[in-house]
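Enquirer: Starting from these lines, generate the structure:
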Amino acid sequence: MPDLALLPELDRALLHGARSENLNSYERVRTLPELEQALRPSWPFKSAAMLATNGGYNAVYLSLHALVPPGSAVAVEMPASMRLLDILEDLGARIIPVASDRFGPEPAALGTALAQDPVAFVFQPVLSSVTGHYCTVERLSELGDVLAASETLIIEDDGPGDIAMAPSQSLGDRLPDRVIHIRSFSKSYGPDLRMAVLSASETLVDQVQSYRAFSAGWTSRILQSAVAWLVGDEATRSAVRTAGQIYRNRRNMFAQALRDRGIDVPDGGGLSIYLPVHAETFALITLAAHGVSALPGESFSLAPTGHVRLATGRLTQAELPALADIARLAAAEPFEIGTSP
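Expert: The predicted structure follows:
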């Protein structure tokens with residue numbers, strides 16, 4: 001979760017939104033012109049049409065259900081978010097895992113997955129919300145080389161958004177007919193805004209919008225206009241940059257404390273650390289015994305991963321040493337009862 005103290009004030013933005021163009025019209029507007037105008041300068045997919053959605057996972061859900069037939073194979077960067085795995089399970093999809101390392105999804109693993117002819121490949125093109133590892137420019141280019149030889153739909157989920165503290169990037173202009181790029185605003189501007197924007201070719205956006213027409217139909221003009229105001233407000237942009245830097249500092253100070261204790265965790269960004277452990281269950285029990293909650297790596301994959309995920313978004317410097325000591329205990333190899341540790 002983001003630190004509530006680091007989220008921008010919404011009162012002026014919502015007041016602006018309450019005066020949005022064509023307020024309370026039943027016309028199903030894809031994206032308000034003012035929101036598109038605010039986003040275009042920093043959007044990595046220049047040729048795309050845009051569609052506002054009710055949050056990042058709503059965009060992922062709509063895209064998968066509109067474009068992926070039930071029971072189809074879908075390649076997924078691992079580890080993946082629990083919500084994504086739940087959506088795919090609901091769709092009845094056959095998940096093909098694509099291993100990742102500190103630089104993003106591994107090209108060789110993606111090539112192996114594409115040999116199984118998946119309908120779609122879902123990954124995070126900037127920052128993994130699970131591990132906190134960045135996808136590098138070089139790695140994204142390598143993934144593009146692999147994907148260029150296929151016809152697989154590509155869904156880029158930029159969940160961290162502006163707090164990632166890295167330039168937005170996409171394969172959209174390289175493979176414009178089959179890339180969907182999604183940016184969420186929940187972590188940077190507030191979860192209650194329920195706002196994300198999806199971009200893709202006109203054909204793909206038409207298909208997603210046609211599917212959505214059976215439910216919500218469109219995303220609130222009030223919220224779209226409010227986000228447009230926030231994106232255009234220099235004080236808000238400065239506050240979001242500061243928040244992103246604070247989040248990264250908190251995470252990486254914890255990573256350094258872990259490295260000081262012999263645990264190999266690289267620097268990164270975002271709101272969490274993916275802690276390597278000898279046994280996930282032992283680690284969770286040890287953490288819980290010291291009042292620390294975490295999630296097992298198997299929640300983000302199809303099997304145990306030898307990791308647990310710890311949140312760092314609200315971590316204070318005073319808590320760091322004690323938490324790092326507890327994490328070291330949790331990461332240690334379990335010993336059998338009756339033997340010395």
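
Enquirer: Going by neighbour count, which residues of stretch 142-155 are buried?
Expert: Glu142, Leu143, Gly144, Val146, Leu147, Ser150, Thr152, Leu153, Ile154, Ile155 (16 or more other Cβ atoms under 10 Å). For glycine as for every other residue, the C-beta is placed from the backbone atoms N, C-alpha and C.

Enquirer: Likewise for stretch 47-62?
Expert: For stretch 47-62, by 16+ other Cβ under 10 Å, it's 48-62.

Enquirer: got the CA positions of the helix or strand harbouring Val197 in CSV?
Expert: Assigned by DSSP states H and E, Val197 falls within strand 196-200. Presented in CSV, the C-alpha positions along strand 196-200 are these (Å, rounded to 0.1, in the frame of the first residue of the first chain):
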residue,chain,number,x,y,z
ALA,A,196,-6.0,3.9,-15.0
VAL,A,197,-5.6,4.5,-18.7
LEU,A,198,-5.2,1.8,-21.3
SER,A,199,-3.6,2.5,-24.7
ALA,A,200,-3.6,0.3,-27.8
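
Enquirer: on contacts alone, who are the packing partners of that strand?
Expert: In terms of contacts (3 or more Cβ pairs under 8 Å, 6 or more residues apart in numbering; DSSP states H and E), strand 196-200 is packed against strand 49-53, helix 56-67, strand 179-184, helix 202-212.

Enquirer: outside of that strand, which residues touch it?
Expert: With contact meaning Cβ atoms under 8 Å, 6 or more residues apart in numbering, strand 196-200 is reached by 31, 35, 39, 43, 45, 48-56, 58-59, 62-63, 172, 179-186, 205, 208.

Enquirer: Walk me through which strands that strand pairs with, and which way each runs.
Expert: Using DSSP bridges, the strands paired with strand 196-200 are strand 49-53 (antiparallel), strand 179-184 (antiparallel).

Enquirer: separation between the residue nearest the centre of the chain and Arg174?
Expert: For the chain, the residue sitting closest to the mean C-alpha position, by Cα atoms, centre = their mean, is Gly159 at 2.9 Å. Noted for Gly159: a distance of 22 Å to Arg174, by Cβ to Cβ, to the nearest Å.

Enquirer: Same check on Gly232?
Expert: Separation of Gly232 from Arg174 (Cβ to Cβ): 29 Å.

Enquirer: ok, now Pro321?
Expert: From Pro321 to Arg174 the distance is 46 Å (Cβ to Cβ).

Enquirer: which of the residues in the longest helix belonging to the chain are buried?
Expert: Identified as the longest helix of the chain according to DSSP state H is helix 234-260. Buried residues in helix 234-260, counted by 16+ other Cβ under 10 Å: 236, 239-240, 243-244, 247-248, 250-255, 257-258.

Enquirer: Kindly report the same for stretch 28-44.
Expert: Val29, Arg30, Thr31, Leu32, Glu34, Leu35, Glu36, Ala38, Leu39, Trp43, Pro44.

Enquirer: and those residues, which of them are in helices?
Expert: By the criterion of DSSP H, membership of the buried residues of stretch 28-44 in helices covers Glu34, Leu35, Glu36, Ala38, Leu39.

Enquirer: Just the buried residues of the strand of greatest length in the chain, please?
Expert: Longest strand in the chain, counting residues (DSSP state E): strand 94-101. Going by neighbour count (16+ other Cβ under 10 Å), the buried part of strand 94-101 is Ile95, Ile96, Pro97, Val98, Ser100.

Enquirer: What is that strand packed up against?
Expert: Counting contacts by 3+ Cβ pairs under 8 Å, 6+ apart, strand 94-101 packs against strand 73-78, helix 107-114.
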